[in-house]
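Asker: Fold the following and give me the result.
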Amino acid sequence: MTGNDQVRIDAWLWAARFFKTRALAKQAIERGRVTIGAAACKASHTVEIGEALRIARGDETFEVTVAGLAHKRGSVALAQALYRESEVSIAARENARQQRRAERAGYQPPPKRPDKRARRLIRALGDFDAS
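Answerer: So this is what the prediction gives:
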């Protein structure tokens, strides 16, 4: 795109594939999960090349620099060309992913539903209300 083009931040987040819809991007911006530098922004803010964004999506936090502008959503390769993620952000997301994986490692769901006797034992152990 040319340097004179202006793109709203909600449209850019959608085009860069951080959110599935513009409505979800706008909602994240309104809830303060997207910041420019250290300041909150509005969905109508125009994005400029070189701006530093912090995007919190679920358990992940992305720290990116805007490298290109787009009004329309394209392929994944085109979307990834719109931003540069910092090495610190990539490492932090990978560490968080490894930590979540380690937390889940000890849990194994039961192979089947508990039968009537097992349910009674579970209720007796936990003092659950039998409603």
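Asker: Now Glu85: closest residue in space that isn't a chain neighbour?
Answerer: In space, and not counting its chain neighbours, Glu85 is closest to Val64: 5.0 Å by CB to CB, 6 or more residues apart in numbering. Quick note: C-beta positions are derived from backbone N, CA and C, even for glycine.
Asker: What mean pLDDT does the helix or strand the one you found falls within get?
Answerer: In the assignment (DSSP states H and E), Val64 maps to strand 60-66. Regarding strand 60-66, the rounded mean pLDDT is 95.
Asker: Describe which strands that strand pairs with in its sheet and in which direction.
Answerer: Strand 60-66 has its sheet partners listed here by DSSP bridges as strand 52-57 (antiparallel), strand 83-85 (antiparallel).
Asker: returning to what we had before: show me the contacts for the residue nearest to Glu85.
Answerer: Neighbour list for Val64: 52-53, 55, 83-86, 89 [criterion: CB atoms under 8 Å, 6 or more residues apart in numbering].
Asker: follow-up on the earlier one: how far does the next helix or strand after the strand holding Val64 sit from the chain's center?
Answerer: Going down the chain from strand 60-66, the next helix or strand is helix 76-80, by DSSP H and E. Distance of helix 76-80 from the chain centroid (CA atoms, centre = their mean, to the nearest Å) equals 17 Å.
Asker: Which other helices and strands does helix 76-80 contact?
Answerer: Here helix 76-80 touches no other helix or strand, going by 3 or more CB pairs under 8 Å, 6 or more residues apart in numbering; DSSP states H and E.
Asker: Please state the mean pLDDT value computed over it.
Answerer: 95.
Asker: Not counting that helix itself, show me its contacts.
Answerer: With CB under 8 Å, 6+ apart as the criterion, helix 76-80 contacts 15-17, 70, 73.
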